[in-house]
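In: quick one: sequence plus predicted model below, questions after.
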Amino acid sequence: NAGVTQTPKFRILKIGQSMTLQCTQDMNHNYMYWYRQDPGMGLKLIYYSVGAGITDKGEVPNGYNVSRSTTEDFPLRLELAAPSQTSVYFCASRLPQGLGAFFGQGTRLTVV
Amino acid sequence: GQQLNQSPQSMFIQEGEDVSMNCTSSSIFNTWLWYKQDPGEGPVLLIALYKAGELTSNGRLTAQFGITRKDSFLNISASIPSDVGIYFCAGLRDTGNQFYFGTGTSLTVIP
């Protein structure tokens, strides 16, 4: 099992550009999450999904969009990149009945 | 958003020493989790706690679910250099699907 896989690992964007951060998991987990982590800080929830076709906003959703067309994939879209979106983005997944979430290795995004 | 406060913010200890850190919240959680994050990596789950008062161990790590359900504690015994990293607590309420993460405790172990 690969677990939670995120691509790309690193990306530099110019202000106003758009991009999609990919996340896929092979554990058949219903729940998936996107977090961002700013330097020296904890993780803030951007969006989450409890199953295919269902998404909900987290604490900091502005400037992002998500979709969940399959159980495996949960892409995060930035439409108009801003410097404030410079961060490390983590995708995670879990089963509904407990245990903690399993995290991907992260995508380091810089917006210049 | 929900704020979980961890203390201390950072620790510098000698190899072989024991470590204690805690996490407090103004709200009740029904699940507490402890994660470790190595540089450049995603957080990795260490211990999960599901019941108030519960004490759970994972090797040299022991965590407790506070009686008030508003706090949790993590202890590491006989620290070794590979314990270096950032430790995060996270809380989950039964009524929600969101994990709320603490601010992190950075641990440095001096050989």
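Out: Now that the structure is in, tell me what you want to look at.
In: residue contacts, whichever residue of chain B sits closest to chain A?
Out: In chain B, the residue found nearest to chain A is B:G42; the distance is 3.4 Å by C-beta to the nearest C-beta. Quick note: C-beta positions are derived from backbone N, CA and C, even for glycine. By C-beta atoms under 8 Å, 6 or more residues apart in numbering or on different chains, B:G42 lies in contact with A:4, A:90, A:92, A:103-106.
In: same check, this time on A:G53
Out: A:68-69.
In: quick check: it vs A:R68, distance?
Out: 6 Å (C-beta to C-beta, to the nearest Å).
In: what do you get for A:M32?
Out: A:M32 is 7 Å from A:R68, by C-beta to C-beta.
In: cool, and B:L46?
Out: Distance from B:L46 to A:R68, by C-beta to C-beta: 28 Å.
In: buried sites along stretch B:87-96?
Out: Buried residues in stretch B:87-96, counted by 16 or more other C-beta atoms under 10 Å in any protein chain shown: B:87-93.
In: what bridges to A:M32?
Out: A:S49, A:S93 (DSSP bridges).
In: tell me the pLDDT of it.
Out: Per-residue pLDDT puts A:M32 at 95.
In: do I have it right that it meets A:L95?
Out: No: with contacts counted by C-beta atoms under 8 Å, A:M32 stays clear of A:L95, the gap being 11.1 Å.
In: the more surrounded of those two?
Out: The neighbour count for A:M32 versus A:L95, taken as other C-beta atoms under 10 Å in any protein chain shown, is higher for A:M32 (27 against 13).
In: which residues touch that one?
Out: With C-beta under 8 Å, 6+ apart, A:M32 has these contacts: A:23, A:25, A:48-49, A:68, A:74, A:91-93.
In: got those as TSV, with neighbour count and pLDDT columns?
Out: Output for these, formatted as TSV (neighbours: other C-beta atoms under 10 Å in any protein chain shown; pLDDT from 0 to 100):
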residue	neighbour count	pLDDT
A:C23	25	98
A:Q25	24	96
A:Y48	26	94
A:S49	21	95
A:R68	19	97
A:F74	29	98
A:C91	29	97
A:A92	27	95
A:S93	26	93
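In: of those residues, closest to B:K51?
Out: Using C-beta to C-beta, A:A92 comes nearest to B:K51 of these, at 23.3 Å.
In: related to what we said a few turns ago, and the residue of chain B closest to chain A, which of the three is it?
Out: coil (DSSP: H, G, I helix; E, B strand; the rest coil).
In: skip the chain neighbours and tell me the closest residue to it.
Out: Among residues not flanking B:G42 along the chain, A:F103 sits closest, at 3.4 Å (C-beta to C-beta, 6 or more residues apart in numbering or on different chains).
In: please tell me I have it right and the one you found contacts B:K36.
Out: No: using C-beta under 8 Å, A:F103 is not in contact with B:K36; the gap is 11.0 Å.
In: centre-most residue in chain A?
Out: A:W34 (3.1 Å; C-alpha atoms, centre = their mean).
In: quick one: A:Q37 and chain B, what's the gap?
Out: Remark: distance between A:Q37 and chain B (C-beta to the nearest C-beta, to the nearest Å) = 9 Å.
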